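J.: Quick one, what's the 3D model for this:
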Amino acid sequence: MRPPDTDRDIGHGEPAVGIRHEEPAAGGRHQEPATGACHQAEADAGQEAPAAVRAALLVLCDGRFPAGGHAHSGGVEAAVKAGRVRDADDLAAFCRGRLHTAGLTAAGLAAAAAFGHDPGALDAAADARTPSPALRATSRKLGRQLMRAARAAWPAPGLDALASAFPRGAHQPVVLGTAARAAGLGPEDAAHCAAYEAVGGAATAAVRLLSLDPFRATAVLARLAPEMDQVAARAAGLARRGVDDLPAASAPLLDIWAEQHAAWPVRLFAS
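T.: Down below sits the predicted model:
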């Protein structure tokens, strides 16, 4: 019989004990979008992307898009070692908790970047929402890799400016939202992509780590789809208000595990 968890596994409908929801972030004055062009994006928020660019969302979310995500487990490798993820049910609990915490926060940042809010303020907001040094380094590394792929796929002045402002890499969600904007996608599209990435990578990693039936892992993602929609819509709505209103939900266990995982001499995934 599985021993009871005083800290609860991440998920099962409600975020685990140790997962904090803090939104909006405190302090600072209201941030206005960096350019006037974002006012049209705000007017279009919540609307479906035109058919001509809908396929761009599939390309951006595709696991084969060369953005480096395949080398990262989203924390599930450490969760497996800790005995918190052992089967498909555990994976569902983990992914649900990750979606509503780290996923919501990333989706808000991505949506805000797609709206055209000041990327410098967004990068600082991402830093403030990522207490783990290991996760901050991972986010910037993934941002650099995504930037290379995005500039090749959708060349745009916004991507060039972000790359110049952050030569060592902006945070991945900020780059993701900027890439979505360059591809002609809207803020909610960017939020959907971030929400899916928050759980898709973890599910794929669990298949490799546990020899989990891939059909069951895919079923976990399919059952989370309505919650991904809710998270994306909520994130885009908060992002519309400005940087100070972005979600700041956190998952302390993910931060702790990230620091432990970074110190392992041997590991299958980079994070």
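J.: Return the residues in contact with the nearest residue to Ala71 once chain neighbours are set aside.
T.: Excluding its sequence neighbours, the residue lying closest to Ala71 (Cβ to Cβ, 6 or more residues apart in numbering) is Ala270, at 4.7 Å. The way it works is simple: take the backbone N, C-alpha and C, and place the C-beta from them, glycine included. Neighbouring residues of Ala270 by Cβ atoms under 8 Å, 6 or more residues apart in numbering: Ala71, His72, Thr138.
J.: Specify the local secondary structure of Ala270.
T.: Taking DSSP: H, G, I helix; E, B strand; the rest coil as the rule, one finds Ala270 in the coil state.
J.: before we move on, what about Pro167?
T.: Classification of Pro167 by three-state DSSP places it in coil.
J.: burial measure for it, as a count.
T.: A count of neighbours around Pro167, defined by other Cβ atoms under 10 Å, yields 8.
J.: neighbours of the residue nearest to Thr130 when sequence neighbours are not counted, just the number please.
T.: Nearest residue to Thr130, sequence neighbours excluded (Cβ to Cβ, 6+ apart): Arg136, at 4.8 Å. Neighbour count for Arg136, taken as other Cβ under 10 Å: 16.
J.: Could you confirm Arg136 falls within a helix?
T.: Yes: membership of Arg136 in a helix is supported by three-state DSSP.
J.: Contacts only, for it.
T.: Arg136 makes contact with Asp127, Thr130, His171, according to Cβ under 8 Å, 6+ apart.
J.: For it, give its distance to Gly83.
T.: Here Arg136 is placed at a distance of 27 Å from Gly83 (Cβ to Cβ, to the nearest Å).
J.: list the contacts for the residue nearest to Leu135 when sequence neighbours are not counted?
T.: Nearest residue to Leu135, sequence neighbours excluded (Cβ to Cβ, 6+ apart): Ala258, at 4.8 Å. Residues near Ala258 by Cβ under 8 Å, 6+ apart: Gly75, Ala78, Ser132, Ala134, Leu135, Thr138, Ser271.
J.: Swap in 7 Å and give it another go.
T.: Gly75, Ser132, Ala134, Leu135, Ser271 (Cβ atoms under 7 Å, 6 or more residues apart in numbering).
J.: Check the gap between it and Arg136 for me.
T.: When distance is defined by Cβ to Cβ, Ala258 is 10 Å away from Arg136.
J.: Likewise for Arg86?
T.: 29 Å.
J.: same question, Trp257
T.: 15 Å.
J.: Which phi and psi values does His117 adopt?
T.: His117 adopts backbone torsions of phi -70, psi 160, taken as degrees, to the nearest 10.
J.: confidence score at it?
T.: Here the pLDDT value assigned to His117 is 96.
J.: ditto for Ala45
T.: 44.
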